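Chemist: How does the following fold in three dimensions:
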Amino acid sequence: MDSQEIQTQEIARRPKSRGKRVGFLQVLSGEAAGSIVLLQEQDLEIGRQGSGLVIRDVGVSRRHARLEFSGGYRLIDLESTNGTIVNGESIQEAALQDGDTIELGRDCTLRFCWQTEQQLELAQKLARATTLDSATGFLKVEAFQRRLEQEIALTSRGGLNLSLLSVACSQSEECGRRLASLARREDELGLSGGDSFLMLLRNTDSTGALKFVERLQSSLSGLEPRIAGVSWLVGEDASRLLARLHSSQGLAFEEEPSLSGLRIYSLGGFEVYLGSQRLEQWHSRKVRFLLACIASRSRPVSADLLTEFLWAEDPLAAAGALQTAVSHLRKHLRPEGAPKNINYILRNPLGFYLNPELPHWHDLEQLEQTLEQLQRLQGASESYPWLRQLRQLYRGPYLEGCYQDWADTQRNQLEARVLHVLQSCLPGLTQAGKPEELLEASLFATRIDPCLQEAHGAAMQAYLALGRPEQALRHYQWAQKALLQELGVEPSLALLEQYHRARLALD
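Modeler: Predicted coordinates:
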């Protein structure tokens, strides 16, 4: 079965039987809250990864549970780390009935429905109300990202093209109207926060995207639009594509590195792409980490420092090992057919560095720029797009899997800086009366550090402001458990106060 992200799905156009029942899942909480998943009367695996229903919520295991169909649906836990709960009870296996509540991980709650097609259509209409902005009719931020993930999967399988635009205007209402009138039937429009909009151009290469932008600029004349655009590259998921869009300076369609562009992802795992090809078969792990170390520095890294970082266990052979590793790295990064004097790794008297004349992109470098912007904005309204970019870029700890001292130090320092910036934005988001943005930032902070009480309190406050006291109570229970397990302490008085506010809101 093809992998599918949680999304609102339309049922096929066919005569409806008033008596026929269909199975579907309503997503009550989590990143895809408000969505509906139509079941297909066949077995379906659920997890954070895999070929079934993919749920990217915290606490969901890679292979978490499986739905089996035989006239009805049965849910089976696949020895998941955090277990599967049905109607408040942990289960290994359970037959599902209409209305049953399923909890997966910390944040994801589903409701199983076994209802008529007319009831499904009604539920889908309600779901659309939660995924579409009422003022513009555009997809809300999270809904747009889910749609983008789906389109990337289709684009990847079908060998198609996809381009993405960001459009910002000071007169956002008029800008939105003109965008809606200009959008083609196959395009998708979404919100990006503040005065910005996103536009997904299906099956559109860089040439087609540039032609569309010309029409767009003409249509938006007089509004002083700020337009950025990128084309999808092989290996990019939605978060990475959005991060590259937000970090681009204007139109970057022609920057697609079809032959020589280097992309380095070092957050949440280490991956390297040369053009559209993911680089595999490294000579050794140390050659990979050599690239990571050189790319992580804004200045040349001395040979002495590199040998200390990577070959401290054998100082006598370190100089020769470094020379050999650099040679292998240069060959591995050289585009096919390029002259031997074309090198991504250069050396001057100060040390080794990435060739600034060759196109390259590094998520760590973009993250540093994003953190600087957020530190300056301190939660002001202009910070919303930057907060989302931070979330898209910081997919996990720096250089996971490398346990050398230099990587540990950088990993810890970077995590501390991300958390500090997030915490500094919370008061501004609260004062601005933006509960959705506050919830997004605070939940992101607690995923990085489950013991961050200030962020837990902000998340509960946001849930209450959004009219979701039951979710505030669930969050408190998770925070209480995390604090007790990790630190052996009880929640602060501020968290207790939010807990009692949530209890009162339910009574």
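Chemist: Now do the SS call for residue 245.
Modeler: At residue 245 the chain is in helix, as set by DSSP: H, G, I helix; E, B strand; the rest coil.
Chemist: List the contacts of it.
Modeler: The neighbourhood of residue 245, defined by CB atoms under 8 Å, 6 or more residues apart in numbering, consists of 164, 165, 166, 228, 229, 230. The C-beta positions use only the backbone N, C-alpha and C, and glycine is treated the same way.
Chemist: and the gap between the residue nearest to residue 243 when sequence neighbours are not counted and residue 465?
Modeler: Sequence neighbours aside, residue 392 is the residue nearest to residue 243 in space, at 4.2 Å (criterion: CB to CB, 6 or more residues apart in numbering). Using CB to CB, to the nearest Å, residue 392 is found at 24 Å from residue 465.
Chemist: neighbour count winner among these two?
Modeler: residue 392 (24 against 16; other CB atoms under 10 Å).
Chemist: wait, is residue 482 part of a helix?
Modeler: Yes. Assigned with three-state DSSP, residue 482 falls within a helix.
Chemist: I'd guessed it sits against residue 451; true?
Modeler: Yes. If you go by CB atoms under 8 Å, residue 482 and residue 451 touch, sitting 6.1 Å apart.
Chemist: Of all the helices and strands in the protein, which has the lowest average confidence?
Modeler: strand 4-5 (a mean of 45; mean pLDDT, DSSP states H and E).
Chemist: Following element in sequence after that one, please.
Modeler: As assigned by DSSP states H and E, the chain's next helix or strand after strand 4-5 is strand 21-29.
Chemist: list the helices and strands the following helix or strand past that next one packs on?
Modeler: Counting by DSSP H and E, the element after strand 21-29 in chain order, helix or strand, is strand 36-38. On a contact count with 3 or more CB pairs under 8 Å, 6 or more residues apart in numbering; DSSP states H and E, strand 36-38 meets strand 21-29, helix 117-131.
Chemist: what do you get if the cut-off is 10 Å, keeping everything else the same?
Modeler: strand 4-5, strand 21-29, strand 108-116, helix 117-131 (3 or more CB pairs under 10 Å, 6 or more residues apart in numbering; DSSP states H and E).
Chemist: Turn these into a markdown table, columns for distance to residue 86 and mean neighbour count.
Modeler: Formatted as a markdown table, those follow (distance: least, CB to CB, whole Å; neighbours: other CB atoms under 10 Å):
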| stretch | distance to residue 86 | mean neighbour count |
| --- | --- | --- |
| strand 4-5 | 22 | 20 |
| strand 21-29 | 13 | 19 |
| strand 108-116 | 9 | 19 |
| helix 117-131 | 20 | 15 |
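Chemist: Of all these, which one comes closest to residue 49?
Modeler: The closest of the helices and strands packed on strand 36-38 to residue 49 is strand 4-5. By CB to CB, the value is 11.6 Å.
Chemist: ok, and what's touching the host helix or strand of residue 180?
Modeler: Per DSSP H and E: residue 180 is located in helix 172-182. With CB atoms under 10 Å, 6 or more residues apart in numbering as the test, helix 172-182 has contacts from 133, 135-138, 165, 167-169, 171, 187, 189, 191, 194-199, 212, 215-216, 218-225.
Chemist: Show me what the very next helix or strand once past that helix is packed up against.
Modeler: Note on helix 172-182: by DSSP H and E, the next helix or strand toward the C-terminus is strand 188-193. Applying 3+ CB pairs under 10 Å, 6+ apart, one finds that strand 188-193 contacts helix 141-158, strand 162-168, helix 172-182, strand 196-202, helix 238-247, helix 384-393, helix 435-448.
Chemist: Neighbours of residue 380, how many?
Modeler: Residues within reach of residue 380, counting by other CB under 10 Å, total 15.
Chemist: Could you do residue 298 as well?
Modeler: The number of residues packed near residue 298 is 9, by other CB under 10 Å.
Chemist: ok, the closest residue to residue 111 other than its chain neighbours - contacts?
Modeler: Excluding the flanking residues, the one nearest residue 111 by CB to CB, 6+ apart is residue 26, at 4.3 Å. When the contact criterion is CB under 10 Å, 6+ apart, the partners of residue 26 are 33-37, 101, 109-113, 123, 126-127.
Chemist: so where do the helices sit in the stretch 251-400 of the chain?
Modeler: Taking DSSP state H, counting those that start in this stretch as the criterion, the stretch 251-400 of the chain carries its helices at 285-295, 303-310, 315-333, 363-377, 384-393.
Chemist: Worst mean pLDDT among these?
Modeler: Note on these: helix 384-393 shows the lowest mean pLDDT, a mean of 84.
Chemist: from the chain's centre, how far out does the helix holding residue 180 sit?
Modeler: 27 Å (CA atoms, centre = their mean, to the nearest Å).
Chemist: And stretch 24-38, by the same measure?
Modeler: Here stretch 24-38 is found 18 Å from its chain centre; the criterion is CA atoms, centre = their mean.
Chemist: Residue 250 - nearest residue in space that isn't next to it in sequence?
Modeler: Leaving aside its chain neighbours, residue 250 sits nearest to residue 228 (5.8 Å; criterion: CB to CB, 6+ apart).
Chemist: I figured that neighbour was touching residue 163, is that so?
Modeler: No. Contact criterion CB atoms under 10 Å: residue 228 and residue 163 do not qualify, at 11.3 Å.
Chemist: List the residues that are in contact with both of those two.
Modeler: Common contacts of residue 228 and residue 163, defined by CB under 10 Å, 6+ apart, comprise 213, 245.
Chemist: who's in contact with the closest residue in space to residue 366 that isn't next to it in sequence?
Modeler: Of all residues beyond its chain neighbours, the one nearest residue 366 is residue 247 (4.4 Å), with distances taken as CB to CB, 6+ apart. In this structure, residue 247 makes contact with 228, 230, 361, 363, 365, 366, 367, 369, 370, 389, 392, 393, judged by CB under 10 Å, 6+ apart.
Chemist: Return the distance of residue 247 relative to residue 166.
Modeler: Residue 247 sits 11 Å away from residue 166, taking CB to CB as the criterion.
Chemist: ok, back up a step: now the contacts of residue 247 as a markdown table including distance to residue 347?
Modeler: Shown next, in a markdown table, are the contacts of residue 247 (distance: CB to CB, whole Å):
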| residue | distance to residue 347 |
| --- | --- |
| 228 | 35 |
| 230 | 32 |
| 361 | 22 |
| 363 | 24 |
| 365 | 20 |
| 366 | 25 |
| 367 | 26 |
| 369 | 26 |
| 370 | 30 |
| 389 | 33 |
| 392 | 33 |
| 393 | 29 |
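Chemist: List buried residues within the residues you listed.
Modeler: Neighbour counting with 16 or more other CB atoms under 10 Å marks 228, 230, 361, 363, 365, 366, 367, 370, 389, 392, 393 as buried within the contacts of residue 247.
Chemist: how close does residue 250 sit to residue 171?
Modeler: Distance, residue 250 to residue 171, using CB to CB: 20 Å.
Chemist: Those two - which one has more neighbours?
Modeler: Remark: of residue 250 and residue 171, residue 171 carries more neighbours, 15 against 9, as counted by other CB under 10 Å.
Chemist: distance of that one from residue 134?
Modeler: Distance from residue 171 to residue 134, by CB to CB: 19 Å.
Chemist: What count of nearby residues applies to the residue nearest to residue 402 when sequence neighbours are not counted?
Modeler: Sequence neighbours aside, residue 289 is the residue nearest to residue 402 in space, at 5.5 Å (criterion: CB to CB, 6+ apart). Counted with other CB under 10 Å, the neighbours of residue 289 add up to 22.
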